[in-house]
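# A predicted structure for the sequence below; I have some questions about it.
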Amino acid sequence: MNILLIAPSSGKWRNVGRARLFNGKTFRFSLLSLLTVAAETPAGHEIRIVDEQFDDIPWDDPVDLVGITCMTALAPRAYAIADAFRARQVPVVLGGMHPTFCLEEALQHADAVVAGDAEGVWPRVVEDARGGRLRGVYRADRPADLAGLRQPPVHLLKKGRYSTWAAEATRGCPHSCGFCAVSAFHQHQHRRRPVDEVTRAVAAIPSRFFIFVDDNLTADRDYALRLFQSLAPLHKRWITQSSLEIADDEDFVQAAADAGCVGVFVGIETFSDTNLSSVQKTCNRTGEYQKKIRLLHRHGIGVEAGVVFGFDQDDPTVFARTLEQLDELEIDMVQVSIFTPLPGTRQYELTRERITDRDWAHYDFHHVVFEPKKMSAEALQAGHDWVTREFYRPWRIARRLARMIQRPRGLSVLPFAAAINLAYYGRIRRWGIRGWNPAREMERDQESRPWSAGPAPSVANL
């Protein structure tokens, strides 16, 4: 059979992706999910991978089976592609997080859905498709064993297409944060590949720099330490995702640095302990942010922080305060998000009655899809955009990069940090992200009211 595997793209990225500058390449890693599916495909079939961010879909080519993976924000485009192929009598299989959590919806657009991991399931899907009996939901009896994973067939990707190579050592996360679809998808389990297999896979990467796409590489400290010790002789450099628990132990941080870690993405989410408690993010303690981030910096590890606005305790003053705190922590990069109740998560159920937008394309962490408690939806959108623009102003980028050079191993971290900072700046310029500080608007409203309409001014202000 001729099998076509597709990674759909949003309309915005389909336009931007082919631009010469700011094309999203920095944020696009090699398509490890589709490469995993390709690796699981039995011998004797022709496979083609299409990344719609860069490629046109070959609508008229002879295809016997189409597989499409998607997260929630890309579900509408995935469904449109699936519907178009099915109209041509080509069977379609959907997989990924959104189809796994929304099975009935996904089955309206596909002949079958792979729920959860593809390992141990995809060969049966291919066999059923070849026999004309493809239908329904395919799900493994148990989570896939990561030992003995097949090597991803990277030759299926066009050379020079992606900014870096990707590797995988673990899957999932043991924490049960209420807003995290990744943890829910993996049933709050953290699975690990044998260290020697990971080391061989990393050694085979034809580049000195790569990224671990793991959701929380350091969740099992004993495993991570063994991995670091095994990677150190390779003298490669890499970035990954982790909780701030990585900085609980300085020797552990040193081991990560010795193994080549030059950057981590950590979800600090918010500077409010009340907000953290509301979503069961118990691994974070705001009072320890500064100490832990300084420890990472001392060992030459850059920090990209994930920050979320729209928690129930957030009011219009949260944006300026957060921007100031990010500056004080000397955060090197930040991913600014809007609280988004994704299907499959606990917060989706808790927020269901306040959801105002059911367009899945807006569930990209940059659109307001629900009614906040302590500000308007317009204020939340404006504040998110404003912090994004302010953090990536050229003078702030220049200050961060200059400061980084003064740190240990600063020149090793600089290329990665500069690329991310400039890529975010490019997004802001290309998409015209501006926003405003809602707190100033609130202050102006208060100043315009006569004293009789509100509380009397305090003595301190007289």
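Nice, I can see it. Every value quoted in this text rests on a predicted model; they were computed, and no experiment measured them.
# which ones are touching residue 76?
359-361 (Cβ atoms under 8 Å, 6 or more residues apart in numbering). (Each C-beta comes from the backbone N, C-alpha and C, glycine too.)
# what subset of these is buried?
360-361 (16 or more other Cβ atoms under 10 Å).
# which of the contacts of residue 76 sits closest to residue 304?
Nearest to residue 304, judged by Cβ to Cβ, of the contacts of residue 76 is residue 361 at 25.1 Å.
# separation between the residue nearest to the closest one when sequence neighbours are not counted and residue 410?
Using Cβ to Cβ, 6 or more residues apart in numbering and skipping the chain neighbours, the partner closest in space to residue 361 is residue 76 (4.8 Å). Residue 76 sits 43 Å away from residue 410, going by Cβ to Cβ, to the nearest Å.
# same deal with residue 277?
Noted for residue 277: a distance of 36 Å to residue 410, by Cβ to Cβ.
# neighbour-wise, which of those two wins?
residue 410 (18 against 12; other Cβ atoms under 10 Å).
# excluding chain neighbours, give the residue nearest to the more buried one in space.
Closest residue to residue 410 apart from its sequence neighbours, by Cβ to Cβ, 6+ apart: residue 404 at 4.9 Å.
# what helix or strand does that neighbour sit in?
Secondary structure from DSSP states H and E places residue 404 in helix 394-405.
# ditto for residue 50
strand 46-51.
# quick revisit: and the gap between the residue nearest to residue 410 and residue 300?
9 Å.
# partners of residue 50 in the sheet?
residue 6 (DSSP bridges).
# dump the residue contacts of it.
Residues in contact with residue 50 (Cβ under 8 Å, 6+ apart) are 4-7, 57-58.
# now do it, the pLDDT please.
The per-residue pLDDT reported for residue 50 equals 94.
# and if you look at residue 269?
93.
# where does pLDDT dip in the stretch 1-150 of the chain?
When residues are selected by pLDDT under 70, those of the stretch 1-150 of the chain lie in 11-30.
# and the strands in it?
2-7, 46-51, 65-69, 92-95, 112-115, 136-139 (DSSP state E, counting those that start in this stretch).
# show me what the fourth one is packed up against.
Contacts defined by 3 or more Cβ pairs under 8 Å, 6 or more residues apart in numbering; DSSP states H and E place strand 92-95 against strand 65-69, helix 75-87, strand 112-115.
# ok, the last one next?
Contacts defined by 3+ Cβ pairs under 8 Å, 6+ apart place strand 136-139 against helix 103-107, strand 112-115.
# so the residue nearest to residue 410 versus residue 263, what's the distance?
11 Å.
# now do residue 68
Taking Cβ to Cβ, one finds residue 68 at 31 Å from residue 263.
# specify the stretch among the helices and strands packed on strand 92-95 that is closest to residue 304.
strand 65-69 (24.4 Å).
# low-confidence ranges, the stretch 301-450 of the chain, go.
Checking the stretch 301-450 of the chain against pLDDT under 70 turns up 442-450.
# would you map the strands across it?
Using DSSP E, counting those that start in this stretch, strands in the stretch 301-450 of the chain cover 302-309, 333-338.
# and these as JSON lines, adding mean neighbour count and distance to residue 317?
Formatted as JSON lines, those follow (neighbours: other Cβ atoms under 10 Å; distance: least, Cβ to Cβ, whole Å):
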{"stretch": "strand 302-309", "mean neighbour count": "22", "distance to residue 317": "12"}
{"stretch": "strand 333-338", "mean neighbour count": "22", "distance to residue 317": "16"}
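# nearest to residue 100, of those?
Among these, the nearest to residue 100 by Cβ to Cβ is strand 333-338 (21.5 Å).
# quick check: angle from the closest one to strand 302-309?
10 degrees (axes from the mean of the first three to the mean of the last three Cα atoms, to 10 degrees).
# so which of the contacts of residue 76 belong to helices?
Using DSSP state H, no member of these sits in helices.
# nearest to residue 93, of the contacts of residue 76?
The shortest approach to residue 93 among the contacts of residue 76 belongs to residue 360, at 18.9 Å (Cβ to Cβ).
# if we can go back for a sec, looking at the strands of the stretch 301-450 of the chain, which is nearest to residue 437?
Using Cβ to Cβ, the nearest of the strands of the stretch 301-450 of the chain to residue 437 is strand 302-309, at 12.2 Å.
# that closest one pairs with which strands?
When DSSP bridges is applied, strand 302-309 pairs with strand 261-269 (parallel), strand 333-338 (parallel).
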